[in-house]
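> Need the 3D shape of this:
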Amino acid sequence: QVKFVESGGGWVHPGGSLRLSCAASGFTLDGYAIGWFRQDPGKESEGVSCVSSGSSYTYYADSVKGRFTITRDNVKNTVALQMDGLKPEDTGVYYCAVDRPLTVQAMCSNPPEDYWGKGTLVIVSS
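This is a model prediction of the structure:
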């Protein structure tokens, strides 16, 4: 059974940090690009950051460049998103997803219609 579990979300003040993690079971992440996507209630998903299968290529949405860092560990079958300098507009439910896109930018620009995990909620508020 394929299972993706996102964790690490929570409530933080603006300027704070969180580290999200996505762990896959029943599925090998190696060979796939992985992305983090954010979904706000009533809105479409937005690609936040994506990384290629070998970590050679990364993509960040303009809104998070310089603040977020995506890393993956193909041995542990996990992917992480370090989020620093958080802003209220970063609030949302974060999901991870996999694909075999032409580019990581293409992956992040075309969020999936559905997700395998339940996501993790991030709230940035004072």
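
> didn't residue 3 look like it was pressed against residue 24?
Yes - contact status for residue 3 versus residue 24: in contact at 7.1 Å, counting by CB atoms under 8 Å. The way it works is simple: take the backbone N, C-alpha and C, and place the C-beta from them, glycine included.

> who's more crowded, the two?
Per other CB atoms under 10 Å, whichever of residue 3 and residue 24 has more neighbours is residue 24, with 21 against 12.

> For the more buried one, identify the helix or strand it belongs to.
In this structure, residue 24 sits in strand 18-25 according to DSSP states H and E.

> Identify all contacting residues around stretch 58-66.
The contact list for stretch 58-66 (CB atoms under 8 Å, 6 or more residues apart in numbering) reads 46-52, 68, 70, 83, 85, 89-90, 103-105, 107-108.

> typed the wrong thing, it's stretch 8-22
Residues from elsewhere that reach stretch 8-22 (CB under 8 Å, 6+ apart): 4-7, 34, 36, 78-88, 93-94, 96, 117, 119-126.

> Find out how far that stretch is from the centre of the chain, if you would.
The chain centroid and the centroid of stretch 8-22 are separated by 12 Å under CA atoms, centre = their mean, to the nearest Å.

> which parts of that stretch are buried?
Applying a neighbour-count criterion of 16 or more other CB atoms under 10 Å, one finds 8-9, 12, 18, 20-22 buried in stretch 8-22.
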